[in-house]
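Fold the following, please.
(2 chains)
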Amino acid sequence: KNEVEQSPQNLTAQEGEFITINCSYSVGISALHWLQQHPGGGIVSLFMLSSGKKKHGRLIATINIQEKHSSLHITASHPRDSAVYICAVEGSQGNLIFGKGTKLSVKP
Amino acid sequence: DGGITQSPKYLFRKEGQNVTLSCEQNLNHDAMYWYRQDPGQGLRLIYYSQIVNDFQKGDIAEGYSVSREKKESFPLTVTSAQKNPTAFYLCASSILPRVWTEAFFGQGTRLTVV
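The predicted structure follows:
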């Protein structure tokens, strides 16, 4: 079993829809990261969380440490949100452990 | 603007040849990392460096080599010993070793062996 599991693997939405991507992990962590990878391949950091909730524009990230689960929400989705969203956790030794990613496609 | 620059974006190599991927950062970060990404898989750590002139193997170091002669630069050489080198390679940096106040990544290099 992978240490970081994301669901769904693929997601297609219509513009304007509310989107949720889930991340579950099985190891003790100090923090969790949500990353965005555009079709060109570059990765940008969206959020780093160790507890609670963070919001940036239309993006919201939550984490429940007890349940070892995090969600990334996108409100009022737009075609420019189409990308691969990657969850990564910081393990006990400070290394990053990555999920396989969720490919999001938002149709106009 | 501070960031990480990887070059080239696309690279083609003949079987049996070594090839070097460039990674430069102007963030003044101590730690730098090389990851490999394959379709349907999460990023896997190849090598990392915590300080100049020091580096450690990651999970999949076989067939790769690195150097860290300058703080800003962490080139990765894919040697002919790497059995399946076709992949997408990403360089990353963090302000201190294993301290990820924010994860910084380059734009990646897509290597294809022909």
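
Name the spans of the chain whose pLDDT lies under the cut-off.
Using chain A. Residue ranges of chain A with pLDDT under 70: A:1.

that's the other chain; I wanted chain B
Using pLDDT under 70, the flagged stretches of chain B are B:1.

Next up, the contacts around B:Glu62.
Shown in contact with B:Glu62 (Cβ atoms under 8 Å, 6 or more residues apart in numbering or on different chains): B:Ala81, B:Gln82. Quick note: C-beta positions are derived from backbone N, CA and C, even for glycine.

Helix, strand, or coil at it?
coil (DSSP: H, G, I helix; E, B strand; the rest coil).

Any idea what the spatially most central residue of chain B is bridged to?
Against the mean C-alpha coordinate of chain B, by Cα atoms, centre = their mean, the closest residue is B:Trp34 at 2.9 Å. Taking DSSP bridges as the rule, B:Trp34 bridges to B:Tyr47, B:Cys91.

Run a quick neighbour tally on B:Ser7.
A count of nearby residues for B:Ser7, using other Cβ atoms under 10 Å in any protein chain shown, gives 12.

just checking, it touches B:Thr109?
Yes - shown here, B:Ser7 and B:Thr109 form a contact pair, counting by Cβ atoms under 8 Å, at 7.2 Å.

which residues do these two both contact?
Common contacts of B:Ser7 and B:Thr109 (Cβ under 8 Å, 6+ apart): B:Leu21.

On the three-state scheme, whichever residue of chain A sits closest to chain B is what?
Taking Cβ to the nearest Cβ, chain B has its nearest neighbour within chain A at A:Gly94, 2.3 Å off. Recorded secondary structure, A:Gly94: coil (three-state DSSP).

Dihedrals phi and psi, it?
Reported as degrees, to the nearest 10, the phi and psi values for A:Gly94 are phi 90, psi 0.

what's the burial count for it?
15.

Same check on A:Gly40?
For A:Gly40, the count of nearby residues is 10 (other Cβ under 10 Å).
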